[in-house]
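Q: I need the structure of the sequence given here:
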Amino acid sequence: MAAYVAPSRLAALTKLRCSIFQTSYNPKSLRTGAKYLRARLRGPSMVAYYPDEFNIPQIIRRYPELEMVDEDEQERLQDVRERKQRGKGAPKKAKTKEDSRRTHKKR
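A: Here you go, the predicted model:
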């Protein structure tokens, strides 16, 4: 024959067990999110999934003996030269305060 144990004593026992084993005491079984807090972090494995970015300009600077050419950079420089020839390039930087366009601005 099984002995009857009062629910209050079972609750006290559960509370004591939680304090000893450092688990959360949740008698009403409310959602706490503990499952997600205990789970391992996904970020490091997601970052490790993608390989390191392949940076051609860095390789060209690091190994000049390979004599590689960055075609994108050459094309960009050519575009800048063509824009300057047509007068569409960036304005020259002012050396003095008088050269600045701001001082000639009407107020």
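
Q: any idea how far Pro51 is from Glu73?
A: Distance, Glu73 to Pro51, by C-beta to C-beta, to the nearest Å: 23 Å. Bear in mind the C-beta positions are built from the backbone N, C-alpha and C, glycine included.

Q: Low-confidence ranges, the chain, go.
A: Scanning the chain for pLDDT under 70 picks out the ranges 1-2, 105-107.

Q: Determine the number of other residues adjacent to Thr14.
A: Thr14 has 14 neighbouring residues, counting by other C-beta atoms under 10 Å.

Q: ok, now Arg9?
A: Arg9, neighbours per other C-beta under 10 Å, totals 9.

Q: any idea whether it is helix, strand or coil?
A: helix (DSSP: H, G, I helix; E, B strand; the rest coil).

Q: quick one: which of Glu73 and Pro51 has more around it?
A: Taking neighbours as other C-beta under 10 Å, Glu73 and Pro51 compare with Glu73 leading, 12 against 6.

Q: check which helix or strand covers Leu13.
A: helix 7-21 (DSSP states H and E).

Q: Can you name the residues in contact with that helix?
A: Contacts with helix 7-21, where a contact means C-beta atoms under 8 Å, 6 or more residues apart in numbering, come from Thr23, Ser24, Tyr25, Pro27.

Q: ok, those vs Ile56, which is closest?
A: Ser24 (52.6 Å; C-beta to C-beta).
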